[in-house]
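> sharing a model prediction with you, sequence too.
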Amino acid sequence: MIKSFQNVFRIPELRRRILFTLGIFIVYRIGGHVPSPGINAQALGEFFQQQQNTLFGLYDMFAGGAFGKATVFALGIMPYISASIIIQLMGTVVPFFQKLQKQGEEGRKKINQYTRYGTVGISALQAFGVAIFLESLPAAASGAPVVPVTGLAFRLLTVLTLTTGTVFIMWLGEQITEKGLGNGISLLIFIGIVDRMPFAVMDEIRQFISGNRTLLVELFMIALFLAVTAAVVLLTQGTRKIAVQYAKKVVGRKVYGGQRTHIPLRVNTAGVMPIIFAQSIMFFPSTIATFLPESGMKDWLNSAFNFESFTYMIIYGALIVFFTYFYTAVAFNPVDVADNMKKYGGFIPGIRPGKATSDFMDNILTKITLPGSIFLGVIAIIPSLITRYSNVNYNFASFFGGTSLLIIVGVALDTLQQMESHLLMRHYDGFMKSGRIRGRRRM
């Protein structure tokens with residue numbers, strides 16, 4: 001393992017990508033501490049100390065703590081994810097977007113541009129809701145208001161500041177994807193969650209020392225962390241291999257093809273994206289509630305979509321299952337794979353080329369995706385169940401089973417696999433297969 005990390009920095013391109021990504025992380029974390037104008041940060045901090053086990057605290061975790069401090073990055077990357085969901089859903093029902101999806105690279109660029117426009121619109125809407133929400137907060141214990149000067153000027157300034165911050169985060173994520181290492185959007189969420197881990201652990205240690213937590217509870221949390229981490233790794237790495245045979249072709253005196261290989265169908269083809277998509281959707285009701293006056297509808301939205309309620313858990317789990325299938329359909333197209341196999345003389349033994357092959361792969365993918373999607377949903381609601389039936393803080397519970405752990409493990413594995421591919425391309429031992437490669441060399 002140590003040798004593999006040393007090899008990483010021996011490859012100039014990989015070293016440059018890693019350093020570039022780390023530089024973006026630094027910029028992102030600095031921006032997460034730049035305060036938005038017109039807000040009393042101390043009074044706001046006192047309010048969020050009481051909101052750790054609410055949806056506001058959960059959103060703050062995804063924003064890397066920027067929401068609780070009302071910084072310029074307070075909205076985080078969630079508006080971009082929401083815009084991506086809307087555009088991708090429209091691609092399944094709107095002919096215009098369906099046409100763009102079939103135009104290859106040029107169509108993808110246009111879709112990305114529409115996603116950016118949607119991000120600006122959603123950011124402005126959410127920022128306006130945040131401004132109204134901040135104005136409605138009660139004064140701190142010291143009597144200082146969260147927003148000293150309210151009114152239209154404050155709302156417009158907040159909309160401009162937070163929207164600009166989200167657009168800048170979106171640009172940072174795109175730069176990581178293009179010039180860095182890994183998926184930029186996922187990595188920014190990842191670094192925001194990891195940044196809060198030491199504080200959550202220290203808070204739990206203080207709770208144990210003060211006697212609010214028993215040793216049995218702490219041992220249970222550690223066991224849960226190890227079990228869920230192992231299960232997430234197994235799910236992420238699990239594949240169903242489909243054997244593929246390529247026919248022999250004789251060209252002149254040379255024989256081409258004839259080799260036997262396989263197509264790996266991952267149990268969790270969608271990765272962590274269903275979790276991120278579903279979580280961003282679950283923030284919409286609370287955003288809508290900020291625009292409503294005090295009424296039964298507002299109280300119902302706040303109660304039903306509190307992450308400790310069963311309504312929230314059921315809808316959240318169902319959304320994860322849906323987005324797992326949805327994103328799997330976007331990431332893997334059996335028809336295209338079957339056509340490419342037929343074009344190059346490949347076939348699955350016992351299955352006719354063409355439509356029969358695509359139906360066969362689609363059937364297998366549907367079957368292996370179902371348990372994977374259900375597993376993601378169950379893991380995601382574990383922290384809500386723990387928080388509902390114990391006094392464990394949600395911010396701590398989420399690191400030991402739930403959305404945060406799924407994102408941390410999933411993004412870490414995806415990034416590690418990209419580093420592995422760079423190493424293997426240049427004939428270095430990777431992180432995951434180094435023992436196997438060395439064993440083959442001995443043989």
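Received the coordinates, thanks.

> give me the most central residue, this protein.
Centrality entry for the chain: nearest residue to the mean C-alpha point is Ile276, 4.1 Å, by C-alpha atoms, centre = their mean.

> for that one, which three-state class applies?
helix (DSSP: H, G, I helix; E, B strand; the rest coil).

> tell me the strands in the stretch 251-400 of the chain, going along the chain?
254-257, 260-266, 346-347 (DSSP state E, counting those that start in this stretch).

> which strands and helices lie in contact with the shortest one?
What that stands for is strand 346-347. strand 239-246 (3 or more C-beta pairs under 8 Å, 6 or more residues apart in numbering; DSSP states H and E). All C-beta atoms are positioned from the backbone trio N, CA, C, and that covers glycine.

> which stretches of this structure have low pLDDT?
For the chain, residues meeting the criterion pLDDT under 70 lie at 1-7, 46-68, 140-142, 248-258, 287, 290-291, 393-403, 426-443.

> now do the lengthiest helix in it against strand 239-246, angle only.
Using DSSP state H to assign secondary structure, the helix with the most residues in the chain is helix 355-389. Here helix 355-389 points in a direction 170 degrees away from that of strand 239-246 (axes from the mean of the first three to the mean of the last three C-alpha atoms, to 10 degrees).

> elements contacting helix 355-389?
helix 215-237, strand 239-246, strand 260-266, helix 273-282, helix 310-331, helix 334-343, helix 394-397, helix 403-425.

> next, the angle helix 273-282 makes with it.
Compare the direction of helix 355-389 with that of helix 273-282 by the same axes, to 10 degrees and you get 50 degrees.

> list the buried residues for helix 355-389?
By 16 or more other C-beta atoms under 10 Å, the buried positions in helix 355-389 come out as 357-358, 360-362, 365, 368-369, 372-373, 375-377, 379-388.

> from Ile132, how far off is Leu424?
Distance of Leu424 to Ile132, computed by C-beta to C-beta, to the nearest Å: 53 Å.

> circling back: among the helices and strands packed on helix 355-389, which comes closest to Gly151?
helix 273-282 (30.1 Å; C-beta to C-beta).

> still on that earlier bit, make TSV from the helices and strands packed on helix 355-389 and add distance to Arg116 to it.
Shown next, in TSV, are the helices and strands packed on helix 355-389 (distance: least, C-beta to C-beta, whole Å):
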stretch	distance to Arg116
helix 215-237	30
strand 239-246	34
strand 260-266	29
helix 273-282	16
helix 310-331	19
helix 334-343	27
helix 394-397	31
helix 403-425	23
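
> of all the ones you listed, which one is nearest Pro148?
Taking these one by one with C-beta to C-beta, helix 394-397 is closest: 28.7 Å.

> what's the helix or strand hosting Leu125 packed up against?
Element membership for Leu125 (DSSP states H and E) is helix 104-136. Judged by 3+ C-beta pairs under 8 Å, 6+ apart, helix 104-136 is in contact with helix 78-93, helix 95-101, helix 152-179, helix 284-291.
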